[in-house]
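**Student:** Give me a 3D structure for the following:
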Amino acid sequence: MKNKKIIVAGNWKMNKTYLEAKEFIAKLNQLPDYTSQVIIAAPSLYVDTLFINNQKENLALALQNCSAYESGAFTGEISARMIASLQLKYCIVGHSERRSYFEETDEIISDKIAQLIHYNVQPIFCIGETLQERKVNETFNVIRKQLVRGLEKVPVEKIGNIVLAYEPVWAIGTGITATKEQAEEVHKFIFQLLSEIYNPEAAARIPILYGGSCNEKNAEELFYQPHIWGGLIGGASLDVNSFYKIIQIAEKINGK
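**Tutor:** Sure thing, here's the model as predicted:
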């Protein structure tokens, strides 16, 4: 992809105590600077403190989820407006764990994306198929459905504010990674689908990350694929040294 710049996004999920999170940022601060865009989606309790302690210009902090509602009597929820008030740039939506464990539908995810776009927070919008869906050759149908429904409230002039993440559910936390050919095939399909929904010029501006047991050992071969713009990293983002090795891979590719 022309003008492609690798993005490295870490999703800590429900991991790390407060002190562990601060220690991670302190260690990252001590490592050499980088020019690639790096994102860490930390537990919401810690984000403000980590934001204050972060010394890396290209590290953005994100939330892992948001409400589909703007405000009101929704105990325990966090709105896009609240996220924007902290000047946070990103928020994950549509993660497969939210879809499966909390029964979030495409319609709910679409409402969340609309809220984030309204408040100028960039959604990291996750899509992907289960192992059973892949076995019966439903991968592309699942991707089409999730993508079309999720983006139905995003006009073409706002599509540049979206980051997509293809996460094959069968590869999340399993240690199984899609081959670079499998990942590239789906990423290319997503690009072509975005070109149909919007236009090729708009589609070419939308980063599509790979998520699914991406780590320092396989990141380079994945990131070199034409339609893969980086990774949404799970387990490997919890260790600062592993995560930094992936950042170094991004630096190597972005420097070409």
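
**Student:** Can you list the buried residues in stretch 5-18?
**Tutor:** 6, 7, 8, 9, 10, 11, 12, 13, 16 (16 or more other CB atoms under 10 Å). Quick note: C-beta positions are derived from backbone N, CA and C, even for glycine.

**Student:** ugh, wrong one, stretch 220-240
**Tutor:** The neighbour-count check on stretch 220-240 (16+ other CB under 10 Å) flags 220, 222-223, 225, 227-238, 240 as buried.

**Student:** Over to stretch 36-49?
**Tutor:** For stretch 36-49, by 16+ other CB under 10 Å, it's 36, 37, 38, 39, 40, 41, 42, 43, 44, 46, 47.

**Student:** and these, which two are the farthest apart?
**Tutor:** 36 and 44 (24.6 Å; CB to CB).

**Student:** Would you mind confirming that residue 160 makes contact with residue 201?
**Tutor:** No - counting by CB atoms under 8 Å, residue 160 stays clear of residue 201, with 10.2 Å between them.

**Student:** who's more crowded, the two?
**Tutor:** residue 160 (12 against 9; other CB atoms under 10 Å).

**Student:** Nearest residue to that one in space, please, no chain neighbours.
**Tutor:** Leaving aside its chain neighbours, residue 160 sits nearest to residue 205 (4.9 Å; criterion: CB to CB, 6 or more residues apart in numbering).

**Student:** Looks to me like the one you found is in a helix.
**Tutor:** No - according to DSSP: H, G, I helix; E, B strand; the rest coil, residue 205 belongs to no helix; its state is coil.

**Student:** Can you pull up the most central residue in this protein?
**Tutor:** By CA atoms, centre = their mean, the chain has its centre lying nearest to residue 124, at 4.2 Å.
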